[in-house]
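Trainee: dropping the sequence and predicted coords here.
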Amino acid sequence: MISIGLEELAAAPPTWLKGKRLGLLCNQASTDRFYRHSREVVVAALPGQLTCIFSPQHGFFADRQDNMIESGHTTDDLTGLPVFSLYGDQRRPDPAMLAHLDVLLIDLQDVGTRVYTFIWTMFYCLEAAAAEGKLVVILDRPNPIGGELIEGNLLAADCHSFVGLRSIPMRHGLTMGELARLFNDYFGIGANLAVIPMRGWQRGMNFRDTGFPWLFPSPNMPTPETALVYPGQVLWEGANVSEGRGTCLPFELWGAPFVEPARFVAALDQADLAGCLLRPVAFEPTSNKFRGELCRGFHLQVLDPAIFRPYRTSLALLRAVLELYGEAGFAYKKPPYEYEFHKLPMDMILGSVELRQGLEAGRRVADLEVGWQEELAGFERLRREFMLY
């Protein structure tokens, strides 16, 4: 079993943290292997030093839904400390918040995907800490979909948003600590940064390999299997196709009232579906898109994570939906989306207007992928400079 950064901190608290006022960015999934929350672990390891808590999108208890469903500031019942929301009136800590601390600890479970906002909350925290002269310490956790594979086009500058502030691929293959190092150095933030690394984690591990308990970091990320399909299935957030919210299998289930499973399968290139199975299903969401309506679609089941490519797979699914239903039921979601009021949400998620246009033109996914292999190889070289494992 691995030991995460939080547990490494508890086992041997760094002397350079002694006597410092500490803030902690976390949520309900920030626990050790015994389900002790990180604020309890920090209080026990460094008594009297924790002064405030910060929460990301979805709130401290991961009870708030997606896309601009905000959480407010509150007080933590357990410690009596203030909890500052970084997904409410503002998405970055301000000087008044940072006046409570000398060091900001960040202990969040990422899911390895560019559009998951926790990494951009970390980015903003690094920027704010640099401006105020505060130290940021990342308590590292596993990338639940592994640290070997990367996938996708790099985000284009005209598609920057809170689901992508800088140019990285959809599946980045880094841990939070490694991403923080890349953000801080390569993108020139220049904050005072330290990472407390894990012990025993290997890049080829999926989350089930770690022996560590999974706690949902957001309300529609119930299992590590959800995380595995998310780098592709998140595309449906930009369309009138259900991504399975309002069911017990978000992102694994997808569909819409207008989808015809048998006809749909015939339109797919099976080469794009390596390592997975599309099982025809019908479902009725209890919330979100098509609430109370019968949707026909599929359960995307991963059979072999080593050869499954979530982004490629879902691009192929989107291409087929556009081909079959582009003029008969399908529509893109309109703004706003994650505090952008003019950009098309699908462009923000894909990270490229040209990619969307290529899919609309019916270009094969394999041909589209050729266009970003050079930049993806460049990112592969870049990320190796910041790897810790």
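Mentor: Okay, I see it. Residues are numbered from 1 along each chain as shown.
Trainee: helices of the stretch 201-350 of the chain, start to end?
Mentor: Per DSSP state H, counting those that start in this stretch, the stretch 201-350 of the chain carries helices over the ranges 224-233, 261-266, 310-325, 345-350.
Trainee: outside of the last one, which residues touch it?
Mentor: For helix 345-350, the external contacting residues (C-beta atoms under 8 Å, 6 or more residues apart in numbering) are 115, 153, 159, 161, 163-164, 234-235, 237-239, 332-335, 337-338, 340, 353, 356. Just so you know, the C-beta spots here come from the backbone N, C-alpha and C atoms, and that holds for glycine as well.
Trainee: give me the nearest residue to residue 14, chain neighbours excluded.
Mentor: Among residues not flanking residue 14 along the chain, residue 196 sits closest, at 7.6 Å (C-beta to C-beta, 6 or more residues apart in numbering).
Trainee: same question for residue 187.
Mentor: residue 166 (5.4 Å).
Trainee: so residue 118 touches residue 106, yeah?
Mentor: No: applying C-beta atoms under 8 Å as the test, residue 118 and residue 106 come out as separate, 9.1 Å apart.
Trainee: how does this structure divide into domains?
Mentor: Domains of the chain are assigned by automatic domain parsing as 5-216, 224-371.
Trainee: residue 377: which of these is closest?
Mentor: Of all the domains of the chain, the one in closest proximity to residue 377, counting by C-beta to C-beta, is domain 5-216 (9.6 Å).
Trainee: and the closest one, end to end?
Mentor: Its start and end residues considered, domain 5-216 measures 18 Å (C-alpha to C-alpha, to the nearest Å).
Trainee: same check on stretch 140-151?
Mentor: With C-alpha to C-alpha, one end of stretch 140-151 sits 22 Å from the other.
Trainee: settle it for me: which of residue 118 and residue 106 has more neighbours?
Mentor: When neighbours are counted by other C-beta atoms under 10 Å, residue 118 and residue 106 differ, and residue 106 comes out ahead with 29 against 24.
Trainee: the residue lying closest to residue 342 once chain neighbours are set aside: neighbouring residues, count only.
Mentor: Closest residue to residue 342 apart from its sequence neighbours, by C-beta to C-beta, 6+ apart: residue 335 at 6.0 Å. Using other C-beta under 10 Å, residue 335 is surrounded by 14 other residues.
Trainee: is it correct that residue 335 is in contact with residue 161?
Mentor: No: the criterion here is C-beta under 8 Å, and residue 335 misses it with residue 161 at 10.3 Å.
Trainee: show me the contact partners of the lowest-mean-pLDDT helix or strand in the chain.
Mentor: Every helix and strand of the chain was ranked by mean pLDDT, DSSP states H and E. The lowest is helix 261-266, at a mean of 94. Contacts to helix 261-266, defined as C-beta under 8 Å, 6+ apart, come from residues 278, 280, 296, 297, 298, 320, 321, 324.
Trainee: can you rerun that using 6 Å?
Mentor: Applying C-beta atoms under 6 Å, 6 or more residues apart in numbering, the contact partners of helix 261-266 are 280, 296.
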